[in-house]
Every structure is written in structure tokens, then in C-alpha cells.
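**Student:** Output the structure for:
(2 chains)
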Amino acid sequence: MPDPVRVRFAPSPTGALHVGGARTAVYNWAFARRHGGVFVLRIDDTDPGRSTTENTAQILRSLEWLGLDWDEGPEVGGPFGPYFQTQRSGNYATALERMKANGTAYPCFCSMEHLESRRAVARAAGGDPGYDRTCRRLDPADAAQRVEAGEPHVWRLAVPAGRGDIVVRDAVRGETVFPAEAMDDFILVRGDGTPTYNFATVVDDADMQISHIIRGDDHLSNTPRQILVYEALGRPVPLFAHLSMIWGADGKKLSKRHGATSVEAFREEGYLPEALLNYLALLGWSLDGETTIVPAEVLKRQFSLDRISKSPAVFDFEKLDWMNGVYIRDVPPETFAARMVPWLEAAGLANPGDLEARPEWYVALAPLVRERAKRMTDIAPMVAFLFTDHVALEPSATSRVLGREGAGRVLAAAHDALSSLKTWTAATVEETLRTLPESLQTKAKTVFQVARVAVTGSMVSLPLFESIALLGRERTLARLEVARSATTH
RNA sequence: GGCCCGUUCGUCUAGCGGUUAGGACAUCGCCCUCUCACGGCGAAGAUCAUGGGUUCGAAUCCCGUACGGGCUACCA
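**Tutor:** Got it, this is the predicted structure:
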């Protein structure tokens, strides 16, 4: 690797952080960490109409939530600030001055209307719609005078005559060659004095001494133009890595139609940041083709640009769900208890302070839900029966299980046996209930299923004995009694 | 229109001249088991987009074609 690795993620705050952008951020971050480099966060807020401070704040939150810490940028500052493009206009002006001085930029007085109509004509005729360089042929002194006089103008890049092919060195695609003739003299600075994207981004990347540019595929075609700017500025051209797009299941660019797309939405839907990070990392990159669980720590040590795949990847929500389950199961019970409570509060089950009031109860519950939840939002429905005095018996469970021959006897016997239990734990509850099948002359499964419906209200639940232990003696006995009276046999 | 990029099981991918084309998710069986889930074992699933080359030998290298995508803006 060339000297100091400095990479940047430069979102434009025109919306929330999208998973595509998040993946780009992950790769930049991982690459910086892997090489002991610097991860810069820059806000490309040059679109005044659509950029908002709310969006910026949310993007920062999403990045933090994912665990992507930046070394330079908003909130932390750094030696190359400010890190908002709208605050760097001086840099663009300086860069433009340099280009004016060395003749790589020239003023253009063509009106937008004129350009548009010319473009339309050229396109209709099947010709080149690029700028025809009318103003490049103006006498320099003349042009300077018109600028001085205040005539409306933009500044264009003068593509060097006779410039050979422009080759983009890309870590993902190898060397891509663009014929220089295909480049027109694009605009650097608009009529209102603001820089265009291709100009601002290069000035910033050069000023911030960015060594590697890892970004979306959609910028590949713009890269030769940007290389021309680097050259005009006399700055070294960084190495590139262009990432292919993320698609929805229909092969179209991922959008809201496909479900959650913002990092914020994934958070709300119960995904763990470590799982989303892992999933995103693997969407277009692989460690070795075998390993699927790649936590941040491994990513920081093993990420490499040469294992990024070239083709677009379809976002697979089912695989994310599986991976989220893997990470959920990996959280230690104590930690899991703390992480699950906010979701219970949101569902109206737990209240602030509950965890502190009986931590051991929540820690005992944690392993039970942990291995059954794919998302944190799965938890509340699973445990709701533990947070109410009167459980609602599901009609189908009632008719199929409690309506069964002998159900009443089972419930009565269970009530009997449990009411005399001295120590109320999952182990003692199990021991007690396991004696029933024999004395009742029924199968163990039948006994447990009847008890399950009575206690949890459902045919599918957390493990019975543990559930009863967590529910407590009073509520359990009450439910067995209620269910027995609802029994027809 | 021009210029670029991409194409291996349904999906994410491994592969970088010689493999029975490997793994993961999803699917389907079986096992474990108080239900569900977890876990274990196994099955099915890819004429490597396609047509030509190069080579003793091609998923791997070259060219064309098809399909998809990007750029070609005083958007980013």
C-alpha cells in the first residue's frame, strides 16, 4: 500500500443513509482500519434544495449505530476541515484560480438555452451531444474582459488537445481505458459561482489527500473527467475501487419498493447493527468463499479490495434474517437482557426500571427468546404471556387441545401437583409434570401440550417448564384453573 | 446514438488453464426434542449468458453477440 491510506465516505444529505451508501461506508472504514489508515467523513451538501441538517444528523447516527467510527469529519474535526462542502468554497476558488493560471480552465458565455437546443439537435441527428467548445476558441484577452465586465459565464475544463487515452486504475475492475476524445469540456464552476460535483469532489479529495477512492459504480464513467481535473491541478491521481450496485430481488436498483432500505429502517425492524454490518460487508465482498460470519473485528483485520466482486448483488432479506439470528444468539444473556428490554417497553410490556428490579428474571428469559428470534421485533409477541394476568387463549388452540378428551383431568392433575411444589424452578416444575403422564395414563406430549395452551394461550411457545418457572406459581395455577373450567371434557 | 461496466446453483459467493465446479441462505428429507426454535446429518439445485477462437486442455485468456446497468446535466 502506498504511504498513508486515507479514504473517505462522502454522502450527500439529501435523504437517509441507504444500505448502498452504508456498504460503501463499511468498505471504506474497513479498508482504513485494515491498513492503519484514516477514515474521513465528508458531507457533500452542495445541493441546497435537497440537503438538510436533519438528514446529516441522521446519517451520522446511522453510521455510529453501525459502529463505523470516523477519524476526521463532522463532530470530530481534523486537520483538513471543514468537512462540509458548503463551507469549502474558498478551496474551489483557489483551485479554479490555479486552473485559470495554467490555462486548463476557460470561461464560457453560452446560455443554457443555447446549449440545450444545440444538444437536442445533435442528439436527434445522432451526433455528439457534448459541448462544441465555441468559447474555447475565443480570444483570451477578449474573454477576460467580458468576465471583468460581469457578463454571465461558467468555467469549463479545457480537455488537453492530443491527450491520449485516459486509464482508470481500479482495484476492482483493473485498468479501464477511456478515449479522451469522448470527453467534452465539462463545467467546473456554475454561473452562480458554485462548483459542480466533478470539480468539487476532486478539489476536496486532493486537498484532503485521499489515497483511495472507494465508491459506487455509477461514478466510474465520471472518473476520467475527474482524472483530468487532478492533472489540471497538478495533483496525484488516487487509486479507485468502484463497487457495483445493490439490487432488489427483481434485478432493479434497490428502492423503497423492496422494503427497508435505510439503515434507520433496519434498526427499527429489529436488526442488530453487527449483523447488518456483516451482511453488508459480504454483499459484494468475500473473505474466502467459505466464511459467512465476519464480525467487525475480523473485517478490520482482513478486508481487502481485491476480493470485491464485480457484479451487482441482489439484497437477500432472508439471508439477513438468518444472519441476524446468528448474531442474536451470540449475545451473552446479561447483555441480551439489556438489549431486549427497550423492545419490550416499545411493545408496552415492560416499563422503565423493570430490568433493574429483577435482573435475574430477565437474564433467565434471555436464552429462551434468543434462540428463537430472528429480529428483536420477534421478541414481544413471544413473551407477551409473561406480562399479563390473564392470557388470551387462542381459539384454535382451545378447540384443538383443550377440547380434547381428558384435557380437564390433565389440568386438574397439573394444578394439584404444582400447587404442592415447594421450590418453584424449571427443574422442579419439569420433575413434577413428568410424573403426570403415568398416573393419568396418557402420553407425555399430551400433558405438556395441554399445559402449554393453558399457560401460554398458544400451541407454540417458549419451553413449557421454563415458561412456568418465569410466570410464577400464582399466575400459573390461576391459568390452569381457568383453562380447566373452559374445558369440555 | 457514443463511451464504459457487468453476466458461476432461486440468492450471496469460491474459483484466478487441468476440481466429481466448493461453501452459505432459502427449499426438501431425516435426527434431536414438551411445541416452536436452535443444532446435527443428508438431498435436490449451475449445459459457468451465448457464439466463435487460442490451447493437449477454458468457468478461467482473446473477439463478437444478447441481455442488464452506468455516464454522456450549470444533479450528486
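**Student:** Any stretches of chain A with poor pLDDT?
**Tutor:** Applying pLDDT under 70 to chain A flags residues A:1-2, A:488-489.
**Student:** Ramachandran coordinates for A:T104?
**Tutor:** Taking degrees, to the nearest 10, you get phi -100, psi 0 for the backbone angles of A:T104.
**Student:** ok, it - contacts?
**Tutor:** A:157-158, A:160, A:232 (CB atoms under 8 Å, 6 or more residues apart in numbering). Placement of C-beta: from N, CA and C, glycine included.
**Student:** Which of the residues you listed has the largest number of neighbours?
**Tutor:** Counting neighbours by other CB atoms under 10 Å, the top entry in these is A:L157, with 24 neighbours.
**Student:** Please identify which pair of the contacts of A:T104 lies farthest apart.
**Tutor:** Spanning the widest gap among those are A:L157 and A:P160, at 9.5 Å by CB to CB.
**Student:** between these two, what contacts are shared?
**Tutor:** Between them, A:L157 and A:P160 share these contacting residues under CB under 8 Å, 6+ apart: A:104, A:228.
**Student:** Make CSV from the contacts of A:T104 and add distance to RNA strand B to it.
**Tutor:** What follows is the contacts of A:T104, written out as CSV (distance: CB to the nearest atom of the strand, whole Å):
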residue, distance to RNA strand B
A:L157, 12
A:A158, 15
A:P160, 17
A:A232, 17
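**Student:** Turn the residues you listed into JSON lines, including secondary structure and distance to A:G126.
**Tutor:** Converted to JSON lines, the contacts of A:T104 look like this (DSSP: H, G, I helix; E, B strand; the rest coil; distance: CB to CB, whole Å):
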{"residue": "A:L157", "secondary structure": "strand", "distance to A:G126": "26"}
{"residue": "A:A158", "secondary structure": "coil", "distance to A:G126": "26"}
{"residue": "A:P160", "secondary structure": "coil", "distance to A:G126": "27"}
{"residue": "A:A232", "secondary structure": "helix", "distance to A:G126": "31"}
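**Student:** Disregarding flanking residues, what is the spatial nearest neighbour of A:A427?
**Tutor:** Excluding its sequence neighbours, the residue lying closest to A:A427 (CB to CB, 6 or more residues apart in numbering) is A:F465, at 7.6 Å.
**Student:** same thing with A:F9?
**Tutor:** Leaving aside its sequence neighbours, A:F9 sits nearest to A:A25 (CB to CB, 6+ apart; 4.4 Å).
**Student:** and the gap between the one you found and A:A275?
**Tutor:** Distance, A:A25 to A:A275, using CB to CB, to the nearest Å: 16 Å.
**Student:** And A:V147, by the same measure?
**Tutor:** 56 Å.
**Student:** Of the two, which one has the most company?
**Tutor:** A:A275 (24 against 16).
**Student:** correct me, but the more buried one touches A:R329?
**Tutor:** No. Counting by CB atoms under 8 Å, A:A275 stays clear of A:R329, with 10.7 Å between them.
**Student:** remind me, longest helix of chain A?
**Tutor:** For chain A, the longest helix by residue count, based on DSSP state H, is helix A:19-34.
**Student:** How about the residue in chain A that sits furthest from its center?
**Tutor:** Distance from the C-alpha centroid of chain A, by CA atoms, centre = their mean, peaks at A:S439 (56.5 Å).
**Student:** what are the phi and psi angles of the nearest residue to that residue once chain neighbours are set aside?
**Tutor:** Nearest residue to A:S439 in three dimensions, chain neighbours excluded: A:A413, at 7.1 Å (CB to CB, 6+ apart). Backbone dihedrals for A:A413, given as degrees, to the nearest 10, come out at phi -70, psi -40.
**Student:** Now find how far off-centre stretch A:186-202 is within its chain.
**Tutor:** Its chain's average C-alpha position is 30 Å from that of stretch A:186-202, according to CA atoms, centre = their mean, to the nearest Å.
**Student:** Stretch A:103-114 now?
**Tutor:** 41 Å.
**Student:** ok, that stretch near RNA strand B or not?
**Tutor:** Yes. Applying CB under 7 Å from any atom of the strand, one finds stretch A:103-114 in contact with RNA strand B at A:110-112.
**Student:** distance between the ends of that stretch?
**Tutor:** With CA to CA, to the nearest Å as the measure, stretch A:103-114 spans 25 Å from end to end.
**Student:** got the residue ranges for the helices in the stretch 151-300 of chain A?
**Tutor:** A:197-207, A:223-233, A:263-268, A:273-282, A:296-302 (DSSP state H, counting those that start in this stretch).
**Student:** Contacts for the fourth one, please.
**Tutor:** By that I understand helix A:273-282. A:19, A:22-23, A:26-27, A:30, A:65-68, A:263, A:266-267, A:292-296, A:299, A:303, A:319-320, A:323-324, A:326-328.
**Student:** which among those residues end up buried?
**Tutor:** Among these, those buried by neighbour count (16 or more other CB atoms under 10 Å) are A:19, A:22-23, A:26-27, A:30, A:65-66, A:68, A:263, A:266-267, A:294, A:296, A:299, A:303, A:320, A:323-324, A:326-328.
**Student:** Within reach of RNA strand B, which of those residues are there?
**Tutor:** Within the set of these, contact with RNA strand B (CB under 7 Å from any atom of the strand) is found for A:V326.
**Student:** returning to that earlier point: so is the helix or strand following the longest helix of chain A next to RNA strand B?
**Tutor:** Next in sequence after helix A:19-34, counting helices and strands by DSSP states H and E, comes strand A:38-41. No. Residues of strand A:38-41 are not located near RNA strand B by CB under 7 Å from any atom of the strand, the shortest gap being 14.0 Å.
**Student:** quick check, distance from strand A:38-41 to the centre of its chain.
**Tutor:** Centroid displacement of strand A:38-41 relative to its chain, using CA atoms, centre = their mean, is 18 Å.
**Student:** what packs against it?
**Tutor:** strand A:6-9, helix A:19-34 (3 or more CB pairs under 8 Å, 6 or more residues apart in numbering; DSSP states H and E).
**Student:** Give me the distance between the residue of the stretch 251-400 of chain A found nearest RNA strand B and A:F199.
**Tutor:** Per CB to the nearest atom of the strand, A:G289 is where the stretch 251-400 of chain A lies closest to RNA strand B, at 2.5 Å. Remark: distance between A:G289 and A:F199 (CB to CB) = 41 Å.
**Student:** Contacts only, for A:M382.
**Tutor:** With CB under 8 Å, 6+ apart, A:M382 has these contacts: A:369, A:372-373, A:461-462.
**Student:** Show the residue spans covered by the strands in chain A.
**Tutor:** For chain A, applying DSSP state E gives strands covering A:6-9, A:38-41, A:105-108, A:154-157, A:166-170, A:174-178, A:187-189, A:212-216, A:239-243, A:246-247, A:313-314.
**Student:** Other residues contacting the third one?
**Tutor:** Identification of contacts with strand A:105-108 by CB under 8 Å, 6+ apart yields A:96, A:99-100, A:131, A:134-136, A:138, A:140, A:143-144, A:146-147, A:153-158, A:185, A:187-188, A:232.
**Student:** From the residues you listed, list just the buried residues.
**Tutor:** The buried subset of those (16+ other CB under 10 Å) comprises A:96, A:99, A:131, A:135-136, A:138, A:143, A:147, A:153-158, A:185, A:187-188, A:232.
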